[in-house]
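A.B. asks: Just a sequence and a predicted model for now, questions to come.
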Amino acid sequence: MKKGIVLTAAVALLMGLAPFFLSLFHLNLFTEILILGIFSLSLNVLVGYTGMVSLGHAAFFGVGAYAAGIAAKEMSPNLLATLPIALIATIMVAAVIGMFCMKVSGFYFLMLTLAFSQMIYSFIHQSTDLTGGSNGLSGIPAPVAGGIDFSNPVLLFYFILGVFFSVYAGLSLLVHSPFGQVLVGIRENETRMRSMGYNTTRYKYASFIIAGALGGLAGSLYTSFNGFISPIDVYWTMSGSVLIMVIIGGAGTMAGPVLGAALIVILETIVSSYTHSWMMIIGIIFIIFVVFFPKGLTGIAQSIMHRMTRSKSGYKENHSKAVLKKNA
Amino acid sequence: MKSEPILQVDGVAKSFGGLNILKNLTFDVRKGERIGIIGPNGAGKTTFYNLLAGDLDPSKGTIHYCGKNITSMPNYKRARTGIVRTFQKNNLLTELTVLENLLLVLQRKEGMGHIWFKRRHRKKYPSLFQKADELLHTWGLEQQTNKVVKSLSYGEQRQIEILLGIATEPNVLLLDEPTAGMSQAETDYIVDLLRKLPKSLTLMIIEHDLDVVFGLADRMIVLYNGEILVEGDPHLVRNDKRVNDIYIGQEADLSASS
Ligand SMILES: Nc1ncnc2c1ncn2[C@@H]1O[C@H](COP(=O)(O)OP(=O)(O)O)[C@@H](O)[C@H]1O
Ligand SMILES: [Mg+2]
């Protein structure tokens, strides 16, 4: 337990010092990892902890990103305005979509989330006056807050790092709380949870909205960081990418989705400078993980640590189980 | 002697795709009664539990609980108001530990399910964990506390299946073949625990082990082809010719059933 705290503190410190040893290019890459890390952490609440596999999570990223972008352009680039607007917009959208999606489960849930996200995609794509249509939303002013101008990438990095830590800490608490354990229970055996007296539909709905809201938060940070957002970031391939991040990293663990996001972003940056077949490469990597390392990067790390320490008491808290298997 | 009925089953029927599995069941259950339900495989016993627990809706008829019509009440609400079932086939959270399974039952009882800002840790919820420890101790499962359910023996898993029902502290407990697949020693242990359940608890028990069920029940219901064939005092039922006919005819089937 102590080791875990020391490790967390060391990683956090190293992340905090990143601007001192990373070039601007790499700092920006790191910032992007943090944003997509928040995004995949948000999907993990749904996929990893509640056992509901969604293929429409880009919808919330997009709603958050566009809401923040439009608010920044039309009203004020102040983060105290753009972030709450983005959050409220995504929560409302998630609440509506969630009501329909709660009626189904398994494969049908996956298809329904996909359908809704494609509806949002085509809405964004077609509402040229509001969103800029296929050209994307450009000319978004750099965010400010409390007299700080976040056009400075180092300051923006620190802001996003702060949000990342808050989300990570909040979710760590949530998944180990009584509420989070109900979600895990639903993932494991929803029938039994109902027999225990849990209104599982309500918990799944809450999980869906939490995941949506944090996905929207990630989207709004992305707009602040990028200064530009286009419909491609709302397309279903984005939903696929984030799902792959969660699974490759390790669904149902806290560190997993972040590692998954890091791996995909880094690989994409390296690989796409050599070849255009990025999608094929990501597909191959995904297949390798699903077949050989179904517990993802955290599963690999765990078995290495397990082998090194050879401790009998080992890990027992981690249930990065085969979410895939169950829903396949 | 007569207390008001806690359950009133009135003309309840269930059909699956035109097949009438349960036909027009009518009877009352009084508070604190111990009812044994027997009948050959496929008689509709489990289906009847599904209707009582709200896991299935009846095709016809009504069910009242404490005078209130609960025919269309969803299953989780029935569990909350005190009608709790266990399953014929173990239906556990097999990837979680025994303690985690039990804590989910207990935290729901305590109304803690919505708390998301506090770790569910022994230090933070001492009385919750203490209650779990006590139950596991009573059931002789303390060695298994932190083991993952799927790593336990079948008999132990079966015990947990029943424990999860009892830990809910229901008013009406529906046990579906609780001792099926258990060793004789395990069966004796469970029967002993069932005897010690509070007198106020209404217990219905589907059971193929006739010694178990005749030892526990103060009223028997014999289901046959979706109908009540015989109902009444265990001694009368035991000596009833029709019951004996079914049971002798089905004996091989009965002992092989799960
Ligand atoms: N969900 C269902 N769909 C179709 N038939 C069912 C269903 N559940 C039970 N049955 C049928 O109903 C009959 C009674 O089953 P069941 O209640 O499990 O009997 P018992 O518990 O007495 O052995 C069986 O023939 C079974 O095949
Ligand atoms: Mg049965």
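C.D. replies: Here it is on my side, so go on. Ligands and ions are numbered 1, 2, ... in the order given.
A.B. asks: Now chain A against ligand 1: closest residue?
C.D. replies: A:Thr191 (13.0 Å; CB to the nearest ligand atom). In this view, the C-beta of every residue, glycine as well, is placed from N, C-alpha and C.
A.B. asks: Show me what the mean pLDDT comes to for whichever helix or strand that residue is part of.
C.D. replies: Secondary structure from DSSP states H and E places A:Thr191 in helix A:178-195. In this model, helix A:178-195 carries a mean pLDDT of 97.
A.B. asks: Mind pulling up the pLDDT for A:Thr309?
C.D. replies: The model reports A:Thr309 with a pLDDT of 78.
A.B. asks: What's the local residue count around residue 223?
C.D. replies: Using chain A. Neighbour count for A:Thr223, taken as other CB atoms under 10 Å in any protein chain shown: 27.
A.B. asks: To clarify, I was referring to chain B.
C.D. replies: B:Leu223 is flanked by 23 other residues according to other CB under 10 Å.
A.B. asks: Tell me the spacing between it and B:Val29.
C.D. replies: 15 Å (CB to CB, to the nearest Å).
A.B. asks: do stretch B:81-88 and chain A meet?
C.D. replies: Yes. Using CB under 8 Å from any CB of the partner chain, we find that stretch B:81-88 touches chain A at B:84-85, B:87.
A.B. asks: Residues of the stretch 101-250 of chain B that sit close to chain A?
C.D. replies: Going by CB under 8 Å from any CB, the residues of the stretch 101-250 of chain B near chain A are B:103-105, B:107-109, B:112-121, B:146, B:148, B:164, B:168.
A.B. asks: Which ones among the residues you listed map onto helices?
C.D. replies: Using DSSP state H, the members of these that fall in helices are B:103-105, B:107-109, B:164.
A.B. asks: could those go into JSON lines alongside neighbour count?
C.D. replies: As requested, those are arranged in JSON lines below (neighbours: other CB atoms under 10 Å in any protein chain shown):
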{"residue": "B:Leu103", "neighbour count": "24"}
{"residue": "B:Leu104", "neighbour count": "27"}
{"residue": "B:Val105", "neighbour count": "26"}
{"residue": "B:Gln107", "neighbour count": "24"}
{"residue": "B:Arg108", "neighbour count": "22"}
{"residue": "B:Lys109", "neighbour count": "16"}
{"residue": "B:Leu164", "neighbour count": "25"}
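A.B. asks: Quickly check the residues you listed for the two that are furthest apart.
C.D. replies: B:Gln107 and B:Leu164 (12.7 Å; CB to CB).
A.B. asks: count of neighbours near A:Gly162?
C.D. replies: 12.
A.B. asks: How is it assigned, secondary-structure-wise?
C.D. replies: With DSSP: H, G, I helix; E, B strand; the rest coil as the basis, the three-state label of A:Gly162 is helix.
A.B. asks: Against B:Lys77, how distant is it?
C.D. replies: Relative to B:Lys77, and taking CB to CB, A:Gly162 is found at 43 Å.
A.B. asks: go on, B:Val222?
C.D. replies: The gap separating B:Val222 from B:Lys77 is 30 Å, by CB to CB.
A.B. asks: repeat for A:Met305
C.D. replies: Remark: distance between A:Met305 and B:Lys77 (CB to CB) = 45 Å.
A.B. asks: I'd assumed B:Gly11 was in a strand, is it?
C.D. replies: Yes. Counting by three-state DSSP, B:Gly11 is found in a strand.
A.B. asks: Now it: closest residue in space, sequence neighbours ignored.
C.D. replies: Excluding its sequence neighbours, the residue lying closest to B:Gly11 (CB to CB, 6 or more residues apart in numbering or on different chains) is B:Gly61, at 3.8 Å.
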